[in-house]
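Enquirer: please work out how this folds:
(one chain, ligands or ions: 2)
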Amino acid sequence: MLEADLCIVGAGSGGLSVAAGAARMGARVVLVERGTMGGECLNTGCVPSKALLSAARDDMAFPEAMARVRDAIAAIAPHDSEERFRGLGCEVIRASARFVSPQEMEAGGQRIRARRFVLATGSRAAVPDIAGLAPPLTNETLFRLESLPTHLAILGGGPVGVEMAQGFRRLGARVTLIERGPRLLPRDEPDASALIENALEREGVTVRLGEAPTLAAGTRLHLPSGPVEATHVLAAVGRVPVTDGLDLEAGGVAHDAKGITVDDGLRSVSNRRVFALGDVAGRGQWTHLAGWQAGIVLRRALFLLPAHARPRALPSVTYCDPESAQVGLTEAQAPGCTVQVAELARTDRGVTDGLTEGRVKLVLGKRGKLLGCSIVGPHAGEMIGLPTLAIARGLGVRELAGLILPYPTLSEALKRAAGQHFEPTLFGPRTQSLVRLIQRWMP
Ligand SMILES: Cc1cc2nc3c(=O)[nH]c(=O)nc-3n(C[C@H](O)[C@H](O)[C@H](O)COP(=O)(O)OP(=O)(O)OC[C@H]3O[C@@H](n4cnc5c(N)ncnc54)[C@H](O)[C@@H]3O)c2cc1C
Ligand SMILES: NC(=O)c1ccc[n+]([C@@H]2O[C@H](COP(=O)([O-])OP(=O)(O)OC[C@H]3O[C@@H](n4cnc5c(N)ncnc54)[C@H](O)[C@@H]3O)[C@@H](O)[C@H]2O)c1
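Expert: Numbering: from 1, shown residues only. Ligands and ions are numbered 1, 2, ... in the order given. This is a model prediction of the structure:
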């Protein structure tokens with residue numbers, strides 16, 4: 001029997017962040033992982049996908065691109081390794097964990113009794129039910145391909161579909177991107193979706209919107225507008241939480257199709273010893289969100305402090321070229337808002353860099369409070385940090401417009417968009433009359 005303060009199941013983005021924090025703060029930690037240390041982000045998600053996009057941007061051939069993918073994983077792997085976590089003082093068990101009672105788990109033949117359990121078991125790719133479809137590629141198999149697909153059909157125009165469509169097209173594959181809904185990246189602003197769709201089509205990706213295959217013969221897909229003769233199919237239609245093997249019933253842990261049912265503090269609604277975070281907690285699927293949630297779990301599980309897991313501002317970025325970054329509300333989600341848009345091409349940096357498209361869009365509430373921001377363009381993911389902080393701190397156009405930003409940067413478009421909010425009053429007839437009046441009396 002192992003006794004621990006925390007037993008963490010899953011050594012991915014969420015589990016590792018909790019384990020490292022807890023061990024360094026002096027807690028006795030058992031960390032259980034049945035697959036590869038680092039979980040999805042390192043092995044089959046963020047890292048390989050960004051390395052592939054970077055290789056595709058650099059015009060690499062497919063074998064070199066896949067070598068860059070492997071090198072990137074290998075370079076980051078030590079940070080997530082068993083050795084590092086043992087070094088931090090964690091007991092690491094490489095096996096599948098399951099509940100045997102609400103207070104105990106079992107893994108690799110060992111019983112674990114812990115004050116708190118943390119479930120960070122992640123998600124896996126959903127596979128659409130299409131009669132006749134050969135088992136499609138998913139993010140788990142995609143980065144192990146040994147040769148470039150001749151014609152890759154991608155089901156799903158979310159972040160995975162969009163990033164991989166551009167990556168594989170630039171590496172030389174023919175790519176058809178099929179999205180059931182009316183536009184790509186449905187969580188982003190509609191005009192951002194349109195800019196990304198145009199960029200993909202310009203590069204030769206065939207985009208089919210508003211339809212989904214219901215029938216297939218192997219990798220040949222039947223669509224209402226005509227067949228797609230693909231050689232490979234990638235399923236990128238969303239994720240399902242991983243709870244298999246945990247025996248949640250034995251642990252008295254409530255769950256549904258979205259994952260483990262937790263309260264606003266990420267604590268199981270049915271077993272108060274249990275926390276869940278990351279993809280399996282059903283509150284969003286991003287590594288940065290899992291990392292932030294880890295702080296909430298640590299505060300609650302180690303210090304019994306109140307903390308809630310509703311982030312004030314949660315950014316997301318799709319790392320295609322141009323990038324699309326979004327934080328806070330979209331225009332449609334904020335009735336009665338006002339909107340300010342500034343084109344990146346009209347900043348001096350946009351001119352020097354020869355930009356022809358891309359924009360910043362601010363969604364503003366009462367008294368110019370920043371409610372949301374969307375950026376499309378190079379480095380949009382780097383630029384979204386500033387509006388994220390502004391939203392999280394309840395700031396608005398006044399603070400953004402008053403900032404000194406380095407010249408020449410694309411971020412100046414944020415300041416310009418904020419400044420536009422004041423133009424009608426600042427340069428209006430009342431200000432002009434006031435200036436004339438003051439000037440007349442000035443000595
Ligand atoms: C292609 C792709 C690209 C992505 N790109 C980005 C990106 O650029 N930025 C971003 O923020 N997010 C990205 N994501 C999402 C990100 O990868 C996930 O949100 C993140 O990895 C989730 O972390 P997690 O800890 O919840 O789960 P995971 O990282 O999936 O870790 C869960 C771990 O639990 C283990 N496990 C499961 N059940 C058990 C059990 N019973 N016993 C023991 N171990 C178990 C699994 O083996 C796994 O290692 C991407 C996802 C994909 C698919
Ligand atoms: N850059 C990033 O941060 C990044 C990159 C990749 C993934 N992720 C995370 O992983 C999650 C999963 O990504 P995803 O793109 O797989 O899922 P998603 O849920 O974001 O998008 C799936 C898309 O597939 C469409 N779809 C559903 N069924 C379909 C069908 N049968 N045929 C055609 N289209 C269909 C949906 O309308 C939707 O637009 C994301 O939501 C995100 O949180 C993040």
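
Enquirer: torsion angles phi and psi at residue 228?
Expert: phi -120, psi 120 (degrees, to the nearest 10).

Enquirer: show the contacting residues for the nearest residue to residue 125 once chain neighbours are set aside.
Expert: Leaving aside its sequence neighbours, residue 125 sits nearest to residue 138 (CB to CB, 6 or more residues apart in numbering; 3.8 Å). All C-beta atoms are positioned from the backbone trio N, CA, C, and that covers glycine. Going by CB atoms under 8 Å, 6 or more residues apart in numbering, residue 138 touches 124-125, 127, 234-235.

Enquirer: let's go with 7 Å and repeat that
Expert: For residue 138, the residues meeting the contact criterion (CB atoms under 7 Å, 6 or more residues apart in numbering) are 125, 127, 235.

Enquirer: remind me, longest strand of the protein?
Expert: strand 110-119 (DSSP state E).

Enquirer: state the distance from residue 367 to ligand 2.
Expert: 32 Å (CB to the nearest ligand atom, to the nearest Å).

Enquirer: next: residue 210.
Expert: Relative to ligand 2, and taking CB to the nearest ligand atom, residue 210 is found at 10 Å.

Enquirer: tally of neighbours for that residue?
Expert: For residue 210, the tally of surrounding residues (other CB atoms under 10 Å) stands at 12.

Enquirer: tell me how far the closest residue to it other than its chain neighbours lies from residue 193.
Expert: What sits nearest to residue 210 in space, not counting adjacent residues and going by CB to CB, 6+ apart, is residue 182, at 5.5 Å. As judged by CB to CB, to the nearest Å, residue 182 and residue 193 stand 9 Å apart.

Enquirer: higher neighbour count, those two?
Expert: For residue 182 versus residue 193, neighbours defined as other CB under 10 Å are more numerous around residue 193 (23 against 10).

Enquirer: could you confirm the more buried one falls within a strand?
Expert: No. Under DSSP: H, G, I helix; E, B strand; the rest coil, residue 193 sits outside any strand and is assigned helix.

Enquirer: just checking, it touches residue 179?
Expert: No. Residue 193 lies out of contact with residue 179 (CB atoms under 7 Å); the separation is 9.6 Å.

Enquirer: how about residue 33, phi and psi?
Expert: phi -140, psi 130.

Enquirer: can you tell me which residues contact the nearest residue to residue 57 once chain neighbours are set aside?
Expert: Nearest residue to residue 57, sequence neighbours excluded (CB to CB, 6+ apart): residue 321, at 6.5 Å. Neighbouring residues of residue 321 by CB under 7 Å, 6+ apart: 57, 166, 199.

Enquirer: now do the SS call for residue 321.
Expert: Per three-state DSSP, residue 321 ends up coil.

Enquirer: that one and ligand 2, how far apart?
Expert: For residue 321, the distance to ligand 2 - CB to the nearest ligand atom - is 13 Å.

Enquirer: just residue 127 next, same as before
Expert: 9 Å.
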